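Asker: Got a predicted model here, sequence first, then my questions.
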Amino acid sequence: MDGSNDASGATDPHRALGSFLRARRGRVAPEDVGITAGTRRRVRGLRREELAHLAGISVDYYVRLEQGRATAPSPEILDALARALRLDVPERQHLATLAAARRGPAPRATVSPLLRRVLDGLDEFPAFVTNHRLDVVAWNALGTELIGGLADPGRRDRNHARYLFLDPASREVFPDWEERARETVGQLRVFAGRYPDDAELTALIAELADSSADFARMWATGEVIVCVAGRKRLRHPAAGLLHLDYQILRVPAGTGDSGLEIHVFSATEDTPDATALARLAAPAGATAT
């Protein structure tokens with residue numbers, strides 16, 4: 001059987017590569033790569049033998065890759081698979097990460113006093129900091145005013161993924177909830193591939209897959225997303241619906257790998273969003289943490 005991607009497969013370094021290949025194989029329509037699907041076809045996407053043929057590798061070797069019995073495929077094979085699966089740049093990078101099976105501790109980046117001063121200095125811009133598990137570990141006053149509850153852990157879960165999928169209030173805060181949720185799942189997949197030995201990250205993914213049908217559905221797609229900048233809609237109880245630009249600034253850990261990410265929001269000048277954000281900044285007197 002072709003099977004499907006699952007949370008345990010993605011966080012088990014021996015199964016993650018196969019789970020990712022299987023999920024992305026299911027995404028490719030046969031007719032898009034010159035294969036006549038036929039009316040009695042039961043498999044969604046490409047069959048294993050079809051993908052092996054497109055990549056120029058033996059069916060037996062590809063099957064062993066999916067089953068985790070073949071390790072360390074060459075760069076040439078990875079490139080051939082990436083072309084056959086029509087992977088984009090983040091997906092190709094994720095494929096290479098999984099194939100490398102790099103083991104090691106996850107970064108333990110800490111919020112330095114300087115970083116806290118930087119956050120406080122961004123008093124006109126809502127900002128918060130996340131780690132590779134999407135825990136919100138620091139914020140400024142306007143940041144917690146914008147998304148609410150960060151200073152009160154009893155009011156809002158500080159893990160962004162858990163908040164999105166397990167707290168119904170998130171669907172009111174984020175009108176484009178489905179898009180925000182997909183981004184979150186895609187980011188977790190990237191970090192799970194980089195840090196397969198992170199027990200806390202593995203437990204988080206398993207918890208979400210078990211507790212949220214939406215998370216399980218999105219995780220099964222194998223989608224990889226790397227967020228850098230863009231625009232989001234957020235609904236604030238006082239300011240109403242806001243259209244804000246965001247930029248993610250990465251702070252490397254001591255090893256040079258991903259450490260912390262600073263999420264900074266702003267509104268286009270001379271717009272109702274900018275006026276509403278300025279009004280929010282006035283009462284945002286809580287001390288950043």
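Answerer: Now that the structure is in, tell me what you want to look at.
Asker: Can you show me the strands along the protein?
Answerer: 127-130, 136-139, 229-236, 240-251, 260-266 (DSSP state E).
Asker: to the chain's geometric centre, what's the distance from the first one?
Answerer: In other words, strand 127-130. In this view, strand 127-130 has its centroid 15 Å away from the chain centroid, taken as CA atoms, centre = their mean, to the nearest Å.
Asker: What pairs with it, parallel or antiparallel?
Answerer: Its sheet considered, strand 127-130 pairs with strand 136-139 (antiparallel), strand 260-266 (antiparallel) by DSSP bridges.
Asker: what about the ones you listed, which gets the closest to residue 146?
Answerer: Closest approach to residue 146 among these (CB to CB): strand 260-266, 6.6 Å. Yep, even glycine has a C-beta here, placed from its N, CA and C like the rest.
Asker: which residues sit against that closest one?
Answerer: 109, 111, 115, 118-119, 122, 125-131, 137, 143, 146, 232, 244-251, 253, 277 (CB atoms under 8 Å, 6 or more residues apart in numbering).
Asker: let's see 6 Å
Answerer: Contact partners of strand 260-266, identified using CB atoms under 6 Å, 6 or more residues apart in numbering, comprise 109, 125-131, 244-251.
Asker: buried subset of those residues?
Answerer: 109, 125, 126, 127, 128, 129, 130, 131, 244, 246 (16 or more other CB atoms under 10 Å).
Asker: from the residues you listed, which single one is nearest residue 270?
Answerer: Closest to residue 270, out of all of these and judged by CB to CB, is residue 244, at 14.8 Å.
Asker: Contacts only, for that closest one.
Answerer: If you count contacts by CB under 6 Å, 6+ apart, then residue 244 has 232, 265, 267 around it.
Asker: and what of residue 160?
Answerer: Residue 160 touches residue 134, counting by CB under 6 Å, 6+ apart.
Asker: Per-residue pLDDT of it, please?
Answerer: In this prediction, residue 160 carries a pLDDT score of 94.
Asker: can you tell me how far it sits from residue 147?
Answerer: Look at residue 160 and residue 147: by CB to CB, to the nearest Å, they are 9 Å apart.
Asker: for residue 94, same thing?
Answerer: 28 Å.
Asker: Settle it for me: which of the two has more neighbours?
Answerer: Relative neighbour count places residue 94 above the other of residue 94 and residue 147, with 27 against 21, counting by other CB atoms under 10 Å.
Asker: how does this protein divide up, domain by domain?
Answerer: The chain breaks down by automatic domain parsing into domains covering 7-100, 113-281.
Asker: remind me which residues of this protein are low pLDDT?
Answerer: 1-14, 37-42, 101-104, 254-258, 283-289 (pLDDT under 70).
Asker: Which parts of the stretch 101-250 of the chain are helices?
Answerer: 113-121, 141-147, 160-166, 170-173, 177-194, 199-211, 213-219 (DSSP state H, counting those that start in this stretch).
Asker: Report the buried residues of the shortest one.
Answerer: For helix 170-173, a neighbour-count test (16+ other CB under 10 Å) marks 170, 173 as buried.
Asker: What of the last one?
Answerer: Neighbour-count burial for helix 213-219, with 16+ other CB under 10 Å as criterion, is recorded at 214, 215, 216, 218, 219.
Asker: which one of the residues you listed sits closest to residue 69?
Answerer: Using CB to CB, these come closest to residue 69 at residue 219, 23.4 Å.
Asker: The closest one and residue 16: what is the separation?
Answerer: Following CB to CB, the distance that separates residue 219 from residue 16 is 12 Å.
Asker: Which residues are in contact with the closest residue to residue 146 other than its chain neighbours?
Answerer: Sequence neighbours aside, residue 126 is the residue nearest to residue 146 in space, at 4.0 Å (criterion: CB to CB, 6 or more residues apart in numbering). For residue 126, the contact set (CB under 6 Å, 6+ apart) comprises 142, 143, 146, 265.
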